[in-house]
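Engineer: how would this look folded up:
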Amino acid sequence: GGGRRDEDADSFDGPIDVTPTHLDLGYKGYSFRIVVRADQELRMLRGLRNPTPEARALRESLINRHVRGAMHHSLIHAVHTRHPSSSYVVRLARRWVASHMLSDMIPHEAVELLVASLYTEPEAAGGGGGGGGPGTGGGSVDQPPSTVVSGFLRFLRLLSGHDWAREPLIVDPQGHIPAGDRSLAARQFGEARGDDHRGGPAMYVVSPADYDGVEEMAGSRVVGEGGDA
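Structural biologist: Residues are numbered from 1 along each chain as shown. I've put the predicted structure just below:
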């Protein structure tokens, strides 16, 4: 009835901001951002014969937000469903990143992928900072973390111990990246790094969401020069 509708309306107690790209609203003390996906835009931009630089940039932005973003969310959701503690490790890791003023340099998607690798490819942690320590509940280093603390410690070990200059981090929880594309990603990584291993972004992370079209693999520029993601 009308009373229920009024009660629901009162629950929208925060500011409501409408912009050309999204809608922000507050509901029962929480803030939500709503982004409308319009596939017609992508089809129209893809169909342009001579796209302007602005059109190409817009198409890439829409693909990153609506296509790759959705794939990334699905991948991370699957990991969190299978390993419930991983979502808490992500929250703790993001808090740690923010406390060290690195939020502008390490996007939250990168943090989610690093944590996902700990649960789906435990050997990525290089021995695991949370493995086997007394009181951590880390367990064997070749097994996923069994507690939030062990997961967070392994995150720190991965962040500090992975050879970012010489090895890309490939995160593929569901085995969607074939061997050929893994080799392609490694080759592109080597080209970006150069012979002195100093070129390219500081961190090179690849996930199934990094496919450019359906044929070419494009490595994630997780942390670029000047902190650009």
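Engineer: Give me the distance from stretch 61-76 to the chain's centre.
Structural biologist: Mean-position distance between stretch 61-76 and its chain equals 9 Å (Cα atoms, centre = their mean, to the nearest Å).
Engineer: ugh, wrong one, I meant stretch 150-169
Structural biologist: With Cα atoms, centre = their mean as the basis, stretch 150-169 stands 15 Å off its chain's centre.
Engineer: now stretch 101-117: mean pLDDT?
Structural biologist: Mean pLDDT, stretch 101-117: 92.
Engineer: Would you agree Gly26 falls within a strand?
Structural biologist: Yes. The assignment for Gly26, made by DSSP: H, G, I helix; E, B strand; the rest coil, places it in a strand.
Engineer: For it, give me its contacts.
Structural biologist: The contact partners of Gly26, by Cβ atoms under 8 Å, 6 or more residues apart in numbering, come to Phe12, Asp13, Gly14, Pro15, Ile16, Phe32. Using the backbone N, CA and C atoms, a C-beta is placed for each residue, glycine as well.
Engineer: so what pLDDT did it get?
Structural biologist: Note for Gly26: predicted pLDDT of 85.
Engineer: gap between it and Thr120?
Structural biologist: In this view, Gly26 and Thr120 are 35 Å apart by Cβ to Cβ, to the nearest Å.
Engineer: quick revisit: most neighbours among the contacts of Gly26, which one is it?
Structural biologist: Using other Cβ atoms under 10 Å as the neighbour criterion, Gly14 leads the contacts of Gly26 with 15 neighbours.
Engineer: Enumerate every residue touching it.
Structural biologist: Contact analysis of Gly14 by Cβ under 8 Å, 6+ apart lists Leu25, Gly26, Tyr27, Gly29, Tyr30, Ser31.
Engineer: Low-confidence ranges, this structure, go.
Structural biologist: Within the chain, the stretches with pLDDT under 70 are 1-11, 122-141, 211-229.
Engineer: can you map out the helices along it?
Structural biologist: Counting by DSSP state H, one finds helices in the chain at the ranges 2-10, 39-46, 53-62, 69-82, 85-99, 108-120, 148-161, 179-193.
Engineer: quick check: angle from the shortest one to helix 53-62?
Structural biologist: This means helix 39-46. Inter-element angle recorded for helix 39-46 and helix 53-62: 140 degrees (by axes from the mean of the first three to the mean of the last three Cα atoms, to 10 degrees).
Engineer: any residues touching helix 39-46, and which ones?
Structural biologist: By Cβ under 8 Å, 6+ apart, helix 39-46 touches Pro51, Ala55, Leu58, Arg59, Leu62, Ile63, His66, Val67.
Engineer: can you check stretch 51-63 too?
Structural biologist: Glu41, Leu42, Leu45, Arg46, Leu48.
Engineer: List the buried residues in it.
Structural biologist: Within stretch 51-63, the residues that count as buried by 16 or more other Cβ atoms under 10 Å are Arg59, Leu62, Ile63.
Engineer: I appreciate the help and will end here.
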